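Visitor: Structural data only, the sequence is not supplied:
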DNA sequence: ATGACATGATAAA
DNA sequence: TTATCCTGTCATA
């Protein structure tokens, strides 16, 4: 579930629910007992997202900053569940519950990182991240420079959070298809126009994903009228991700996949001019 | 009941 | 490169 669009969407929706509110925090799990106790009864003064990381600035009951920051990274299968009212009992896996008095309850489970850090800790995390296409302050030149520096295949560079923050396995496959690029192309050999196109497309696709909560990358023009109803099926809403052996939406050639560095990548042999 | 798998990332070897 | 951590869901038994 969680690529950058999901994280920014959580930030936006949870901002509405939590910022300026007094929040009860608790955990049934030993792994975050102390952290939850520390946050319990405080206020949320702001929520920020950078790539796949979420930062919640904490305040005292009057709203004055305490210097505590809740840092969350969902990893591969972390997830939030929000309940407007009458939350169910938390599952065993619920690491943290945030409860707004008279407001929603948010359960967090499965996350790879849930910790209390400091504002300086935010800087330390962000220092390891490349520009985030969903942030207004993002500098695309840093992305371009990161690609020029890498001899690894461009498909690996796109998953490298130090090169571009927030791209995951779905978006990388779809971005490379839409750019018409062979995933095996050495990153430094991707020409400047293509790099700019990938960045712009990342901004467009992740923005769309943030708004809808889903990753839909196929352009309607690429699907014949007869097959348009198929777009309801999730695996038809993307050009290549998890579509191995299915016909390419543009040219009908069967999509292929392979596994570099234990992350499957998909591509159209014809549209992306594969050399392999 | 058990196992495979998932849109992630890190540390160790 | 492999092992490991995080949890829920779905398929198979």
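Guide: In hand now; what should we look at? Here the structure is a predicted model, which is why all the values come from computation and not from measurement. Residues are numbered from 1 along each chain as shown, chains lettered A, B, ... in the order given.

Visitor: any weak-confidence spans in chain A?
Guide: A:1, A:224-235 (pLDDT under 70).

Visitor: could you pull out the strands for it?
Guide: A:23-26, A:43-50, A:53-59, A:65-73, A:79-83, A:94-100, A:105-109, A:113-117, A:256-258, A:265-267 (DSSP state E).

Visitor: domain assignment for chain A?
Guide: A:4-127, A:140-267 (automatic domain parsing).

Visitor: Can you give me the first-to-last residue distance of the longest one?
Guide: End-to-end span of domain A:140-267 (Cα to Cα, to the nearest Å): 25 Å.

Visitor: For it, what is the distance to the chain centroid?
Guide: 14 Å (Cα atoms, centre = their mean, to the nearest Å).

Visitor: Name the nearest residue to whatever residue of the stretch 151-276 of chain A ends up closest to DNA strand B, sequence neighbours excluded.
Guide: The nearest approach of the stretch 151-276 of chain A to DNA strand B comes at residue A:168, 2.2 Å away (Cβ to the nearest atom of the strand). (Each C-beta comes from the backbone N, C-alpha and C, glycine too.) Closest residue to residue A:168 apart from its sequence neighbours, by Cβ to Cβ, 6 or more residues apart in numbering: residue A:3 at 3.6 Å.

Visitor: What's the local residue count around the one you found?
Guide: Neighbour count of residue A:3, defined by other Cβ atoms under 10 Å: 21.

Visitor: try residue A:252
Guide: Residues contacting residue A:252 under the criterion other Cβ under 10 Å number 10.

Visitor: quick one: contacts for the residue nearest to residue A:168?
Guide: Taking Cβ atoms under 8 Å, 6 or more residues apart in numbering, we find residue A:3 in contact with A:52, A:166, A:167, A:168, A:169, A:170, A:171, A:206, A:209, A:215.

Visitor: If we only consider those, which is nearest to residue A:113?
Guide: Closest approach to residue A:113 among the contacts of residue A:3 (Cβ to Cβ): residue A:52, at 9.8 Å.

Visitor: who in the stretch 1-150 of chain A is up against DNA strand B?
Guide: A:1, A:2, A:3, A:6, A:51, A:52, A:73, A:75, A:76, A:77, A:112, A:128 (Cβ under 7 Å from any atom of the strand).

Visitor: Repeat the analysis, applying 10 Å as the threshold.
Guide: A:1-7, A:51-53, A:73-79, A:110-113, A:125, A:128-129 (Cβ under 10 Å from any atom of the strand).

Visitor: closest to DNA strand C out of the domains of chain A?
Guide: domain A:4-127 (2.6 Å).

Visitor: Quick one: end-to-end length of that closest one, please.
Guide: End-to-end for domain A:4-127, by Cα to Cα: 17 Å.

Visitor: Just the buried residues of the residues of the stretch 1-150 of chain A next to DNA strand B.
Guide: Among these, those buried by neighbour count (16 or more other Cβ atoms under 10 Å) are A:2-7, A:51-53, A:73-74, A:78-79, A:110-111, A:125, A:129.

Visitor: hmm, back to that, switch the domains of chain A over to CSV; also include distance to residue A:274.
Guide: Formatted as CSV, the domains of chain A follow (distance: least, Cβ to Cβ, whole Å):
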stretch, distance to residue A:274
domain A:4-127, 27
domain A:140-267, 5
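
Visitor: Now that we have those, can you turn them into a markdown table and tack on distance to DNA strand C?
Guide: Formatted as a markdown table, those follow (distance: least, Cβ to the nearest atom of the strand, whole Å):
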| stretch | distance to DNA strand C |
| --- | --- |
| domain A:4-127 | 3 |
| domain A:140-267 | 5 |
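
Visitor: sorry, back to before: ok, and the most crowded of the contacts of residue A:3?
Guide: Going by other Cβ under 10 Å, residue A:166 tops those with 30 neighbours.
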